[in-house]
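Undergrad: Everything below, folded, please.
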Amino acid sequence: MTPKILSVDDSKTIRTALARLFRPFACEVCEAANGEEGLAMAAAKKPDLIILDHNMPVMDGITMLRHLREHAELKRTPVIMLTAESGCENIATVARLGVRDYLIKPFREDQLLAKVARIIPLLPRPDA
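TA: Okay, the predicted model is just below:
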C-alpha cells in the first residue's frame, strides 16, 4: 500500500516544495492550506503522516493537532511540525500533543527526508 503524506501549510511555495521533494518516492502527497482543510483532508484520506505548519489562517496547526488527537480514527496519525515557530513554549505544547518530530523553517530537505523515513518507508518509485 502506498503511504500517504498530508502537507498542511498556508504557503503554496512550501506545499509545492514538499510535493517536489517526495516525487521520487512511492508515496502520495495531499495538500491543505489551513487546519480546517487539513482536518477534512485527513478524515477523507487517512494519511500515514501529516506535515503540519503552526501559523495558518482559519485554523492554526496547534488547534488542528488538538482536533486530530480527539478524532478516534486520526488520533494516532504521526505528525511532524514544520514551522517557523521556534519558541520553547510552542515546542512543549506540541510535544504534549504527541508530535513525532519538529523542524524549523527554513529547513534542509535531507533533514526532513530523514525524519519522514523514520515514520514511513521512502522507497523509490517503480517508474523512476
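Undergrad: number of nearby residues for N55?
TA: Other residues near N55 number 14, with proximity taken as other Cβ atoms under 10 Å. (Each C-beta comes from the backbone N, C-alpha and C, glycine too.)
Undergrad: what does D110 give?
TA: 9.
Undergrad: The strand or helix carrying it: which residues count as buried?
TA: Element membership for D110 (DSSP states H and E) is helix 109-117. Residues of helix 109-117 classed as buried by neighbour count (16 or more other Cβ atoms under 10 Å): 112, 115-116.
Undergrad: ok, so of the residues you listed, who is nearest P124?
TA: V116 (14.4 Å; Cβ to Cβ).
Undergrad: dump the residue contacts of the closest one.
TA: Listed by Cβ atoms under 8 Å, 6 or more residues apart in numbering, the contact set of V116 reads 5, 22, 49, 51, 80, 122.
Undergrad: how close does it get to M59?
TA: 23 Å (Cβ to Cβ, to the nearest Å).
Undergrad: Could you list every helix and strand in contact with the helix or strand of the chain with the lowest mean pLDDT?
TA: Lowest by mean pLDDT, DSSP states H and E among the helices and strands of the chain is helix 88-96, with a mean of 87. On a contact count with 3 or more Cβ pairs under 8 Å, 6 or more residues apart in numbering; DSSP states H and E, helix 88-96 meets helix 61-70, strand 79-83, strand 101-104.
Undergrad: Pick the most deeply packed of those.
TA: Stretch with highest mean neighbour count among the helices and strands packed on helix 88-96: strand 79-83 (a mean of 24; mean count of other Cβ atoms under 10 Å).
Undergrad: other SSEs contacting that one?
TA: Short answer (3+ Cβ pairs under 8 Å, 6+ apart): strand 79-83 packs on strand 49-52, helix 61-70, helix 88-96, strand 101-104, helix 109-117.
Undergrad: now the angle from the second one to helix 88-96?
TA: Interaxial angle, helix 61-70 versus helix 88-96 (axes from the mean of the first three to the mean of the last three Cα atoms, to 10 degrees): 20 degrees.
Undergrad: Cool, thanks, talk later.
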